[in-house]
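Undergrad: Attaching a predicted model along with its sequence, questions to come.
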Amino acid sequence: NAGVTQTPKFQVLKTGQSMTLQCAQDMNHNSMYWYRQDPGMGLRLIYYSASEGTTDKGEVPNGYNVSRLNKREFSLRLESAAPSQTSVYFCASSERPTGELFFGEGSRLTVL
Amino acid sequence: AQSVTQPDIHITVSEGASLELRCNYSYGATPYLFWYVQSPGQGLQLLLKYFSGDTLVQGIKGFEAEFKRSQSSFNLRKPSVHWSDAAEYFCAVVSGGYNKLIFGAGTRLAVHP
């Protein structure tokens, strides 16, 4: 059972470079989310997609863009990476608005 | 705005001892509350959730939590901790619709043999 799969698991970027984090879920969930985790701050919502074709900003959207490619896939793009975006990024999905969130294993991004 | 506070950043207990992790929330309406656990290098796994009804909820791995509206709390408990319980624990509350969880900063649990 794959669940939520994120790629890559590790990435090092230089300031100003761009990259895309990929996320795919095989549970036929409607909603998908991107969070970032920083020490002492818990997880903060970057963007979410309530259903295929829709995306909305979360708490900390600045510097990021997202694409809900289809029901399975939800990507997160950093157009011009900054050191402040060094973090661990988690993708999650849920079947319904108040259902359990299922998380991927995370993608550790370092921006030098 | 909704918020979640976990007052204890780090807790150490001995194996076999009881455990209580504290969580306080700020939310105007009836909250949807969750506890997640994160093992090192892993994603988050749901331990338990409260939506309504019985204020004492049971979860996986022998954990339970009690919702106390008067104290705006949702503390996590376990009667006897095992070494495998060492992890980071996050309390979360739903903000708005579509399950937008607001997380606390987390409590890191260490277990001594």
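TA: Everything's here; your move. Numbers count the residues shown, from 1 in each chain, chains lettered A, B, ... in the order given.
Undergrad: Report the beta-bridge partner residues of residue B:110.
TA: On the basis of DSSP bridges, residue B:110 takes part in beta bridges with residue B:12.
Undergrad: isn't it right up against residue B:11?
TA: Yes: here residue B:110 reaches residue B:11: they are 7.3 Å apart, a contact under Cβ atoms under 8 Å. Using the backbone N, CA and C atoms, a C-beta is placed for each residue, glycine as well.
Undergrad: Strands of chain B, start to end?
TA: Here chain B has its strands, by DSSP state E, at B:3-5, B:10-14, B:19-21, B:24-26, B:33-38, B:44-50, B:56-58, B:64-68, B:73-78, B:87-95, B:100-103, B:107-112.
Undergrad: Over to chain A?
TA: Taking DSSP E, the strands of chain A run over residues A:4-7, A:10-13, A:19-25, A:31-37, A:43-49, A:56-57, A:64-68, A:74-78, A:87-94, A:102-103, A:107-111.
Undergrad: and the first one, average pLDDT?
TA: The predicted model assigns strand A:4-7 a mean pLDDT of 96.
Undergrad: Go through the strands of chain B and find the least confident stretch.
TA: strand B:100-103 (a mean of 85).
Undergrad: anything in that strand near chain A?
TA: Yes: under the criterion of Cβ under 8 Å from any Cβ of the partner chain, chain A is reached by strand B:100-103 at B:100, B:101, B:102, B:103.
Undergrad: Report whether stretch A:74-94 contacts chain B.
TA: Yes: Stretch A:74-94 lies within reach of chain B by Cβ under 8 Å from any Cβ, at A:90, A:92, A:94.
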